[in-house]
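Visitor: Show me how the following folds:
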Amino acid sequence: MTRMINRLTPVVVIFLSAFVLAGCSGVFGEDPREQADEAISEANKSISEHNELFDEARSTYADVKQKIESGDDPSKEKDDITEAKNTLEKARQDLQDARESLESVGDLDVDPAVKKYAGLLSEAMDAQLTAEAKEIEFYGILEEDPALEDNREKALDLLSEVGADYKRAEKTYDEAQDLANAHPQLIEAAPKGQ
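Guide: Numbers count the residues shown, from 1 in each chain. Modelled structure (predicted):
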């Protein structure tokens, strides 16, 4: 089974599993399992878009950090910091869309394990969204003070909170993965390449 998350120091990037639809019949949208599968599929699309933007934002931030650490004038990096912040804000919207796609699963007439799985994923996404919001706040501090001459402690405290939130998200994603592994007849691995 493919991993549900791919942690890129200290980033949590997720992929969801899809539901097994063997034995399902009827017109799309009428069968609760098909509705759940559609919700997961929509979430996967949003997550894929999130992951691309997230990686882009992190790459831009890594470049800025390297330039500042090598002695470049931090004030020259303000535009790149703003770009990273804006890109991460767009990525967050995609993750929020994914979370919204999963909300409908709790109201469907599907196996309780499927509902719990979707609930755990939603909980993990909430933790990740909290972490990303704080990371955006960190980028905002960098925009105003790229060398962190006046806001170093606040920035470090914020990064500590970000790390804790990402760990909480990862733990909950792991719980969802364990649940999926315990119910392979209901929840299958995400397609390869996702």
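
Visitor: gap between residue 35 and residue 90?
Guide: Separation of residue 35 from residue 90 (CB to CB, to the nearest Å) stands at 28 Å. C-beta coordinates here come from the backbone N, C-alpha and C atoms, glycine included.

Visitor: so where do the helices sit in the chain?
Guide: 32-69, 78-103, 112-144, 152-182 (DSSP state H).

Visitor: For stretch 71-87, what is the distance to the chain centroid?
Guide: Taking CA atoms, centre = their mean, to the nearest Å, the mean C-alpha location of stretch 71-87 is offset from the chain mean by 23 Å.

Visitor: where does the spatially closest residue to residue 140 that is not a sequence neighbour land on pLDDT?
Guide: Closest residue in space to residue 140, ignoring its immediate chain neighbours: residue 85 at 6.4 Å, by CB to CB, 6 or more residues apart in numbering. On pLDDT, residue 85 comes in at 95.

Visitor: try residue 70
Guide: 79.

Visitor: for it, phi and psi?
Guide: Torsion angles at residue 70 (phi, psi; degrees, to the nearest 10) stand at phi -80, psi 0.

Visitor: Name all residues that make contact with the residue nearest to residue 140.
Guide: Applying CB atoms under 8 Å, 6 or more residues apart in numbering, we find residue 85 in contact with 57, 136, 139, 140, 143.

Visitor: try 10 Å this time
Guide: When contacts are counted by CB atoms under 10 Å, 6 or more residues apart in numbering, residue 85 touches 57, 60, 61, 135, 136, 137, 138, 139, 140, 142, 143.

Visitor: With residue 75 instead?
Guide: Residue 75 neighbours (CB under 10 Å, 6+ apart): 145, 146, 147.

Visitor: that older thread, distance of the residue nearest to residue 140 from residue 78?
Guide: As judged by CB to CB, residue 85 and residue 78 stand 11 Å apart.

Visitor: Which neighbours do these two have in common?
Guide: Taking CB under 10 Å, 6+ apart as the contact criterion, the common neighbours of residue 85 and residue 78 are 142, 143.

Visitor: The nearest residue to residue 176 once chain neighbours are set aside: how many residues sit nearby?
Guide: Leaving aside its sequence neighbours, residue 176 sits nearest to residue 120 (CB to CB, 6+ apart; 3.8 Å). A count of neighbours around residue 120, defined by other CB atoms under 10 Å, yields 21.

Visitor: Burial check on the residue lying closest to residue 158 once chain neighbours are set aside, number of neighbours?
Guide: Excluding the flanking residues, the one nearest residue 158 by CB to CB, 6+ apart is residue 138, at 4.9 Å. The tally of other residues near residue 138 (other CB under 10 Å) stands at 24.
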